[in-house]
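> Give the three-dimensional model of this entry:
(one chain, ligands or ions: 2)
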Amino acid sequence: MDLLEYQGKQLFKQFGIPVSEGRLATTPAEARAAAEELGTQVVVKAQVLTGGRGKAGGVKRAEDPADAEQKAKDMIGLDIRGHVVEKLWIEEASDIAKEYYLSITFDRGAKQPLFMFTMQGGVEIEDVAANDPDALIRLHVDALEGYQPWIARRLVYGAGVEDPGEQKQLADIIGKLYRCFVECDAMLTEINPLIVTPDGVVKALDSKFTVDDSALYRHPDIAEFRDPGAADPFEAFAREKGVTYVKLDGSVGILGNGAGLSMSTVDVVVVAGGKPANFCDLGGGGNAEGVVDALEVITRDPQVKSVFFNIFGGITRCDEVARGILEALDRMKIEIPIVVRLDGTNAEEGRQILADAALPNVHVSPTMLEAAKKAVELAA
Ligand code: GDP
Ligand code: MN
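Ligands and ions are numbered 1, 2, ... in the order given. Presented below is the predicted three-dimensional model:
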C-alpha cells in the first residue's frame, strides 16, 4: 500500500524524523484557514500517489493565506499523471540551501534492506544513478545484525558530506528511518529531497512510503490511511468480504482454489483466446459460504460475461465444492454461465452432483483447457 506524502510524514514524525508543520485541506477555504493557522508562508502540495508533482504544478509556494486559497483553487481537480487532486497538504514553507536524497528499499535479490544516499537530491534518483553513479552510495543492511552506527557514517562520508552539524543530524535521521522502515513493515521509505536549510537544519521535505500489504493487519493505524474512494470499488468490496481478488479488464470471471491454480487459470483463459476479468482465489476451502462470497464479488463486475470455476481437489474434496456451488446458487441468483472444472479428490462424485442438479447455466468440463475454451466461448 502506497501512502500519500502527508501520511508518510506523519509516520516520519512519529519516529522522530524532522518534518515541517502542516495541515490537510480539501477545499480552498480550508487551505486558507490552514495558512492562517500556520502563520507563515506556506507551500500548497497536491496529495496524489505519484511523483514529479513539482514539475506538474502540484507544488506551489503561497505568499499569504489569500494566495494559498487561490493556489488551492487552481490545484484541486488538476490531473497529475492520471491522478486527480482532491487533497492538499499545506505546509510551512522552507528555505532550502541543499537538497539530499535518502531512501531504504527492500532489495529482493539480496534479500536485504538497501540504503541509498546522495547529496544530489531533489531530482530523479534514476538520473543520478545513470549520470553520476559514484555520487550515489548504496549499502545493504544485514537484517540479523540490524542497524549499526557505522552504516550512517559510511553513507554520509561516502557521499561527501563535510559539515559536522549536518553529519550528526543525518546520522540521527538515517538511524530513525531504519527503525521506521522496519517497525512499519515498509517496502520503501524515501525522502527526496532531504533538505538542509540556510540555518543548517536537516529535514524531510517529501516522503514516499510503501507498506507491505500483508503486514497491514499489524498496523491498524496505517491501514486506516487507505482511502476507500481511491481503491477499485470491486477490490474494496472483496476486501470487505475477505476474498482474495484482483480486478482485471476482460470478460471471463475466474475462481480457483489456491493462488497457483488461480494464476494458471488466468493464463489458460488467455491461451484459449479470452480475457480474464479478475483473479480470485477461493483459498483451501470450498464451503458454500466462501463460494457465495467469491461469486458475489466476481459477478458484481458487469464486465463479467461468464465464470470459470477451476478446482483441483487435494485436501479440498470436489464433492464438497460441488455442494458448495449448488448451495451458493440456491442462495443467490446468477444468470451468467458458469463453467466448472473439477479434478482431484472425489472429482467423479463432484461432477455427478452437478450433473444431477442439471442447472441450465452450469457447465461441467473435465479438463482445464476445455473448460477455458467453453468459458471463453460463452463470454463472447
Ligand atoms: P515531488 O515533485 O512530487 O517529488 O514533490 P516534492 O515534495 O519533492 O517537491 C518538489 C520540489 O519542490 C522540491 O524538490 C523542492 O525543490 C520544492 N519545494 C517543496 N517544498 C518546498 C519548500 O517548502 N520550500 C521551497 N523553497 N521549495 C520547496
Ligand atoms: Mn520529491
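
> Please enumerate the helices of the stretch 251-380 of the chain.
Using DSSP state H, counting those that start in this stretch, the helices of the stretch 251-380 of the chain run over residues 259-271, 288-299, 318-331, 347-357, 368-379.

> and residue 75, how far is that from ligand 2?
16 Å (Cβ to the ion, to the nearest Å). Any C-beta I mention is one placed from the backbone N, CA and C, and that applies to glycine too.

> which ones are touching that residue?
Applying Cβ atoms under 8 Å, 6 or more residues apart in numbering, we find residue 75 in contact with 44, 46, 57-58, 60, 85, 88.

> Check residue 100 too.
Contacts of residue 100 by Cβ under 8 Å, 6+ apart are 117-121, 159, 161, 170, 193-196, 202.

> Pick out the residue of the stretch 251-380 of the chain closest to ligand 1.
residue 279 (31.1 Å; Cβ to the nearest ligand atom).

> ok, now the stretch 151-300 of the chain?
Ligand 1 sits closest to residue 206 of the stretch 151-300 of the chain, with a gap of 3.4 Å, by Cβ to the nearest ligand atom.

> those strands in the stretch 151-300 of the chain, which residues are they?
Remark: strands assigned in the stretch 151-300 of the chain by DSSP state E, counting those that start in this stretch are 186-196, 202-204, 208-211, 244-247, 252-256, 278-281.

> tell me the most buried of those?
strand 252-256 (a mean of 28; mean count of other Cβ atoms under 10 Å).

> Report the rounded mean pLDDT for that one.
Mean per-residue pLDDT for strand 252-256: 95.

> export that strand as CSV, just CAs?
The C-alpha coordinates for strand 252-256 follow below in CSV (Å, rounded to 0.1, in the frame of the first residue of the first chain):
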residue,chain,number,x,y,z
VAL,A,252,-14.1,-14.2,-18.1
GLY,A,253,-14.5,-14.2,-14.3
ILE,A,254,-12.0,-16.6,-12.7
LEU,A,255,-12.3,-18.5,-9.5
GLY,A,256,-9.7,-21.1,-8.4
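
> counting contacts, what elements does it pack onto?
When contacts are defined as 3 or more Cβ pairs under 8 Å, 6 or more residues apart in numbering; DSSP states H and E, strand 252-256 sits against helix 259-271, strand 278-281, helix 288-299, strand 306-313, helix 368-379.

> Let's see that with 6 Å instead.
helix 259-271, strand 278-281, strand 306-313 (3 or more Cβ pairs under 6 Å, 6 or more residues apart in numbering; DSSP states H and E).

> Get me the contact residues on this protein for ligand 2.
Neighbours of ligand 2 within the chain, by Cβ under 5 Å from the ion: 192, 206.

> wouldn't residue 279 be in contact with residue 246 here?
Yes. Counting by Cβ atoms under 6 Å, residue 246 is a contact partner of residue 279 at 4.3 Å.

> For the protein, which residue gets nearest to ligand 2?
Closest approach between the chain and ligand 2, counting by Cβ to the ion: residue 206, at 3.5 Å.

> With adjacent residues omitted, what lies nearest to that residue?
Leaving aside its sequence neighbours, residue 206 sits nearest to residue 192 (Cβ to Cβ, 6 or more residues apart in numbering; 5.6 Å).

> Please look at that neighbour and residue 121 and confirm they touch.
Yes. Using Cβ under 6 Å, residue 192 makes contact with residue 121 at a distance of 5.4 Å.

> Between the two, which contacts overlap?
residue 101 (Cβ atoms under 6 Å, 6 or more residues apart in numbering).

> which residues touch residue 212?
Contact analysis of residue 212 by Cβ under 6 Å, 6+ apart lists 185, 187.

> 8 Å - rerun?
Per Cβ under 8 Å, 6+ apart, neighbours of residue 212: 185-187.

> I'd like to know which helix or strand in this structure has the lowest mean pLDDT.
Between all helices and strands in the chain, the lowest mean by mean pLDDT, DSSP states H and E belongs to helix 233-241, at a mean of 83.

> Does the residue nearest to residue 206 touch residue 117 like I think?
No. Applying Cβ atoms under 8 Å as the test, residue 192 and residue 117 come out as separate, 10.8 Å apart.

> which residues touch the helix ranked longest in the chain?
As assigned by DSSP state H, the longest helix anywhere in the chain is helix 164-183. Under the criterion Cβ under 8 Å, 6+ apart, residues 11-12, 14-18, 100, 102, 104, 113, 115, 117, 141, 147, 149, 151-153, 155-157, 161, 186, 189, 191, 194, 196, 200-202, 204 lie in contact with helix 164-183.

> One more pass at 7 Å, please.
11-12, 15-17, 102, 104, 113, 141, 147, 151-153, 155-156, 161, 189, 196, 200, 202 (Cβ atoms under 7 Å, 6 or more residues apart in numbering).

> Same question for stretch 21-41.
The contact list for stretch 21-41 (Cβ under 7 Å, 6+ apart) reads 6, 42, 44, 61-63, 65-66, 68-69, 72-73, 86-93.

> Mark which of those are part of strands, please.
Per DSSP state E, strands hold the following members of those: 42, 44, 61-62, 88-92.

> returning to what we had before: could you tell me which of the contacts of helix 164-183 count as buried?
11-12, 15, 17, 102, 104, 113, 141, 147, 151-152, 155-156, 161, 189, 196, 202 (16 or more other Cβ atoms under 10 Å).
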